[in-house]
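Undergrad: Here is my input, please return the structure:
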Amino acid sequence: MSEDEDRDQEPSPAEETSEAELDLSATPARALPVPADSEGRVDLLYRYIKDIQRYPLLTPEEEQRLTRTYAETKDPRLAALLVSSNLRLVVKIALEYRTFTGQVLDLIQEGNIGLVQAVNHFDPLRGVRLSHYAQYWIRSYIIYYLLNNHRMVKLGTTQAQRKIFFNLRRERQRLQNMGFDPTAKLIAQNLSVPEETVQEMMDRMDQPDLYLDAPRDPEGKTTLLSTLAGSENPEEETSAQEITDRLKAKIAEFGATLDNERDRYIWDRRLLSDDPVTLQEVGERFGVSRERARQVEERIKKRFKEFLKRELGDDFVETQVFRP
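TA: Below you'll find the model as predicted:
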């Protein structure tokens, strides 16, 4: 897919979350991140979690009734009720990414934006729960935030680079614990990505940021910024944003059409996950061979491409999505 693919393509859509799992009232203090620089930030996180627990979870029947009514009326009061009843889901997902940043409240804020978008785009006639559908939007906004704020310079642009961003540190540590030298070649083999992509990402992550206003010469008269030509193009930026917004919505729509449990598992845990399960694991879970799991995956990919062509047109898909 194109390098401009946005939030929903890179999210690691998680497994469907039950209502029981969303109850954070019993979350122990040691499970929450404790930033070394601010006691007040921890207090705010605890206070936020305590505040959102006053909003009751909706039963499937209540949710179905409210989402149907909201789809017809677009009543903002109903939207607020649907959002508030799923705030705990945002916290649960945000905490999964706490190892990448100490700013958990920022992750929650971005996830809440994704939740609002999910409520606005949700189709109650698809036959899926709002919480399952919303996970795609929540994760996409959180991951988009991480990729753009982990460093001053954006690290991940292609799909392979984004995959490495979330797995490089973990894979390095795993290989070291096993007594191996975590070389780019070995990491690339384990993550099934090109070696040069791994090496490029390792170089990026290991190098400090360069500040554009830092002096470039001993006298301090010239800065890096003064040597750069202007490159802003509002028209191109607007066009790219429109493309990613359309793709984001269509990816979420296609995922909601997968009614078969096996298809949905492969879509969620292999094709969209930043840490995909293996074909062997898929086969063992559903009692099929590894080859059969691969065939099902290829079928889903083909269906997805056909879906995009049907929804967006052949020219758009071939030039903006599946670029050669």
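
Undergrad: now the stretch 151-300 of the chain, which segments are flagged as low pLDDT?
TA: 151-166, 204-237, 239 (pLDDT under 70).

Undergrad: All the strands of it, residue numbers only.
TA: Shown for the stretch 151-300 of the chain, no strands are assigned by DSSP state E, counting those that start in this stretch.

Undergrad: does residue 280 really touch residue 290, like I thought?
TA: Yes: Residue 280 lies in contact with residue 290 (C-beta atoms under 8 Å); the separation is 5.2 Å. No exception for glycine: its C-beta is placed from N, CA and C like everyone else's.

Undergrad: So between these two, which is more surrounded?
TA: When residue 280 and residue 290 are compared for neighbours, residue 290 comes out ahead with 14 against 11, by other C-beta atoms under 10 Å.

Undergrad: Would you confirm that that one contacts residue 281?
TA: No: the pair residue 290 / residue 281 is not scored as a contact, 9.4 Å apart, by C-beta under 8 Å.

Undergrad: hang on, residue 301 packs against residue 267?
TA: No: counting by C-beta under 8 Å, residue 301 stays clear of residue 267, with 9.6 Å between them.

Undergrad: Mind checking which of those two has more residues around it?
TA: Between residue 301 and residue 267, counted using other C-beta under 10 Å, residue 267 has the larger neighbour count: 23 against 13.

Undergrad: quick one: the more buried one from residue 277, how far?
TA: Per C-beta to C-beta, to the nearest Å, residue 267 is found 12 Å from residue 277.

Undergrad: again, but for residue 262
TA: 12 Å.

Undergrad: and what of residue 54?
TA: Distance from residue 54 to residue 277, by C-beta to C-beta: 37 Å.

Undergrad: how is the chain carved up into domains?
TA: 1-150, 152-207, 241-324 (automatic domain parsing).

Undergrad: and the nearest residue to residue 126 once chain neighbours are set aside, what is it in contact with?
TA: The shortest distance from residue 126 to any non-neighbouring residue, by C-beta to C-beta, 6 or more residues apart in numbering, is to residue 256 (4.5 Å). With contacts defined as C-beta atoms under 8 Å, 6 or more residues apart in numbering, the neighbours of residue 256 are 123, 126, 128, 133.

Undergrad: for the helix or strand containing residue 132, packing partners?
TA: Per DSSP states H and E: residue 132 is located in helix 130-149. Where contact means 3 or more C-beta pairs under 8 Å, 6 or more residues apart in numbering; DSSP states H and E, helix 130-149 is packed against helix 87-96, helix 104-121, helix 159-177, helix 234-256.

Undergrad: which one of these lies closest to residue 191?
TA: Among those, the nearest to residue 191 by C-beta to C-beta is helix 159-177 (5.8 Å).

Undergrad: Not counting its neighbours along the chain, what's nearest residue 117?
TA: Per C-beta to C-beta, 6+ apart, closest to residue 117 is residue 137, 5.1 Å.

Undergrad: Now do the same contact list for residue 297.
TA: Residue 297 touches 266, 270-271, 279, 282, counting by C-beta under 8 Å, 6+ apart.

Undergrad: Can you lay out those residues as JSON lines showing distance to residue 92 and neighbour count?
TA: Shown next, in JSON lines, are the contacts of residue 297 (distance: C-beta to C-beta, whole Å; neighbours: other C-beta atoms under 10 Å):
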{"residue": "266", "distance to residue 92": "23", "neighbour count": "27"}
{"residue": "270", "distance to residue 92": "22", "neighbour count": "18"}
{"residue": "271", "distance to residue 92": "23", "neighbour count": "15"}
{"residue": "279", "distance to residue 92": "28", "neighbour count": "20"}
{"residue": "282", "distance to residue 92": "25", "neighbour count": "22"}
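
Undergrad: And those, which is closest to residue 180?
TA: Of those, the one sitting nearest to residue 180 (C-beta to C-beta) turns out to be residue 279, at 23.7 Å.

Undergrad: how near is the closest one to residue 120?
TA: The gap separating residue 279 from residue 120 is 36 Å, by C-beta to C-beta.

Undergrad: ok, residue 116 - how many residues close by?
TA: 18.

Undergrad: which ones are touching it?
TA: Here residue 116 is in contact with 79, 83 (criterion: C-beta under 8 Å, 6+ apart).

Undergrad: Show the pLDDT at it.
TA: If you check residue 116, the pLDDT there is 95.

Undergrad: Also residue 104?
TA: On pLDDT, residue 104 comes in at 88.

Undergrad: ok, it touching residue 96?
TA: No: the criterion here is C-beta under 8 Å, and residue 104 misses it with residue 96 at 10.5 Å.

Undergrad: My guess is residue 56 contacts residue 85. True?
TA: Yes: contact between residue 56 and residue 85 holds when scored by C-beta under 8 Å: they sit 6.7 Å apart.
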